[in-house]
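Visitor: After the sequence you'll find the predicted model.
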Amino acid sequence: MIQKIWFTFIWSYIKIGLFFYTKKIIVMGKKNVPKKGAIIFAVNHPNGLVDPLYVTTTNRRQNHFLVRAASFKKPFIKKILESLYLMPIYRIRDGIKLLSNNQEIFEKCFNVLKKGETLMIFPEGSHHKNRSIRPLSKGFTRIVFGALERYPNLEIKVIPVGITYQHPSSFPSKVCINYGVPILTRKLFEKNSTPKSINILKAAVSEQLKSLSVHIPNDKGYDSTLEQLNDAQVDFTDIYKVNNIIKNGLIPDKKLHKKNYLKPLLYLIILNSIIPFILWKKIYKKIDEIEFIDTFRFSLNLIFCVVFYLFQAYIISLFYGNLIGLFYINISASLVLIYVKCAPTNAKDYIELV
C-alpha cells in the first residue's frame, strides 16, 4: 500500500514535470487500454529513459518496467528504481554470466501478469534515435508465453505503443504516444507451436509499431528521406500523414526554419536558473549518447531547477515577505510554461540549446 502511494506521488510529479518540459503531448488510441487484466506494453525506444515516462503518465494503469541493468549499479539508485516498479534486464553486453539473472526477473514478470497488472517492455532491445522500427528481440515473447504456460487460465494482451518525437533531444519538443490494438495471446499460444507463436507475435507487434510511429525503411534511402522530411519541416507527430508521405514518396518542398522570437525569454529563464544551467553544461559534456540528452535534461529540471527556484523564493521571502516569494515562484513557472508551449520546434534546436 505504501509503495502504491509512493508510486502515485512520483507518477503525479513526473506528469506535471513533463507538462512543463514538453510543448505538446499527443495521446492516441487510449481507448485501447483495458482498465483491468494483464497487459504487456510493447514500446519502440527512440529517446532513452524519458520514453517509459511518457507512456506510463498517459495511461492510468500502474506499470512495471523492464530497463537495462546498468541503471541499477548504485545501491541507493537501485532501491529507488525498485520502489517505482522498475526491474533490471541483462543483455550480452552486461556479461554472459549475468544473463542467468534474467530468469529471476522473468519469474517476477510472470507474477506481475498473474495478478492482472501491466508490464512495459522495449522489444527492440535498445534505444536509437533513428525513425525506423528495428527487428524485435524475442525476449518479450519468452515472458508472454512463459506466463501463459505457467498459468493456464491467464490471458495476456500485448499492446504495441508507438512513440514519435518531433525532434528527439530538442527542447522544447512535441511527442505523440499512440496505443495500438490489443493482441490476444492465449489462443495464439494454444493453436501453434512455441517457435511459430513467437514469430507470429513478433511480426504482429512489429507491423503495428510501423504504423503507430513514423517509420522510414532502414535502407540506402533512409538518410535522404529523413533529410527531405526535416527540410520540409513536417510535423512528425502527425504520424499517419507522415507515414503516407513516406509510402508515396510525395515529400513537400523545403521550408525555412521558423525564427525563435522567444529567445530573449529563454535567456531570462537561463539567468533565473543559472546554477542548474551551469550544472547542465557540465553534465552535457559527459553524455556520450544523444538519446540520453532528454533523460538528463529532464531529470535536472525535475529536481535541481525546482529546488533552486524554491531556495530563491525562500531567500526572497526572507527580505520581502512570503507574498513576494510566492509571486516569484508563480512568475518563474509561468515564464518556463510560456516558452515551452510557444517556442518553435526546429530540428537544429537541440544544438543551439545545449
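Guide: Received the coordinates, thanks.
Visitor: Name the helix or strand for the residue positioned nearest the centre of the chain, please.
Guide: In the chain, the C-alpha nearest the mean C-alpha coordinate belongs to residue 51, at 0.9 Å (C-alpha atoms, centre = their mean). When secondary structure is defined by DSSP states H and E, residue 51 falls within helix 50-56.
Visitor: Only C-alpha atoms, please: export that helix in CSV.
Guide: Output of helix 50-56 as CSV, limited to C-alpha atoms (Å, rounded to 0.1, in the frame of the first residue of the first chain):
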residue,chain,number,x,y,z
VAL,A,50,12.0,9.5,-21.0
ASP,A,51,10.2,7.0,-23.3
PRO,A,52,8.7,5.0,-20.4
LEU,A,53,7.9,8.2,-18.5
TYR,A,54,5.7,9.4,-21.4
VAL,A,55,3.9,6.1,-21.7
THR,A,56,3.3,5.5,-18.0
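Visitor: Now the following helix or strand past that helix: average pLDDT?
Guide: Once the chain leaves helix 50-56, the next helix or strand it forms, by DSSP H and E, is strand 63-68. Averaging pLDDT along strand 63-68 gives 82.
Visitor: helices or strands up against strand 63-68?
Guide: Where contact means 3 or more C-beta pairs under 8 Å, 6 or more residues apart in numbering; DSSP states H and E, strand 63-68 is packed against helix 50-56, strand 86-89, helix 102-114, strand 118-121. Every C-beta, even on glycine, is put in place using the N, C-alpha and C of the backbone.
Visitor: From the contact counts, what lies against the helix or strand following it?
Guide: Using DSSP H and E, the helix or strand that follows strand 63-68 in sequence is helix 75-83. Contacting helix 75-83 under the criterion 3+ C-beta pairs under 8 Å, 6+ apart are the following elements: helix 2-21.
Visitor: do that again at 10 Å, thanks
Guide: Applying 3 or more C-beta pairs under 10 Å, 6 or more residues apart in numbering; DSSP states H and E, one finds that helix 75-83 contacts helix 2-21, strand 86-89.
Visitor: and the lengthiest strand in the chain, average pLDDT?
Guide: Counting by DSSP state E, the longest strand found in the chain is strand 156-165. Throughout strand 156-165, pLDDT has a mean value of 98.
Visitor: measure the residue nearest to the centre of the chain to residue 161 for me?
Guide: 9 Å (C-beta to C-beta, to the nearest Å).
Visitor: Now do stretch 214-222: everything it contacts.
Guide: 44, 46, 130-135, 162-165, 176, 206, 209-210, 223-226, 228-229, 234, 236-243, 245-247, 249 (C-beta atoms under 10 Å, 6 or more residues apart in numbering).
Visitor: one step back: mutual contacts of residue 51 and residue 161, please.
Guide: Common neighbours of residue 51 and residue 161 (C-beta under 10 Å, 6+ apart) are 43, 44, 120, 122, 177.
Visitor: Compare the residues you listed and tell me which is most surrounded.
Guide: residue 44 (30 neighbours; other C-beta atoms under 10 Å).
Visitor: That one: what's it in contact with?
Guide: Counted by C-beta under 10 Å, 6+ apart, residue 44 has contacts 51, 122-124, 127-128, 131-134, 136, 160-164, 178, 205-206, 209-210, 212-215.
Visitor: so of these, which ones are in helices?
Guide: 51, 205, 206, 209, 210, 212 (DSSP state H).
Visitor: Turn these into TSV, columns for distance to residue 25.
Guide: TSV is the format used below for these (distance: C-beta to C-beta, whole Å):
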residue	distance to residue 25
51	13
205	23
206	25
209	19
210	22
212	16
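Visitor: got TSV for the residues you listed, with pLDDT and distance to residue 74 too?
Guide: Output for the ones in helices among the contacts of residue 44, formatted as TSV (pLDDT from 0 to 100; distance: C-beta to C-beta, whole Å):
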residue	pLDDT	distance to residue 74
51	93	22
205	98	33
206	97	35
209	98	32
210	97	37
212	98	35
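Visitor: Pick out whichever of those sits closest to residue 268.
Guide: Comparing the ones in helices among the contacts of residue 44 against residue 268 with C-beta to C-beta places residue 51 closest, at 30.8 Å.
Visitor: who does the helix holding residue 51 touch, helix- and strand-wise?
Guide: Counting contacts by 3+ C-beta pairs under 10 Å, 6+ apart, helix 50-56 packs against helix 2-21, strand 24-28, strand 38-43, strand 63-68, strand 118-121, strand 156-165, strand 174-179, helix 293-300.
Visitor: Kindly reformat those as CSV containing distance to residue 332.
Guide: Converted to CSV, the helices and strands packed on helix 50-56 look like this (distance: least, C-beta to C-beta, whole Å):
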stretch, distance to residue 332
helix 2-21, 11
strand 24-28, 22
strand 38-43, 33
strand 63-68, 31
strand 118-121, 33
strand 156-165, 26
strand 174-179, 23
helix 293-300, 16
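Visitor: With respect to those, which exhibits the lowest mean confidence?
Guide: strand 63-68 (a mean of 82).
Visitor: Great, nothing more from me.
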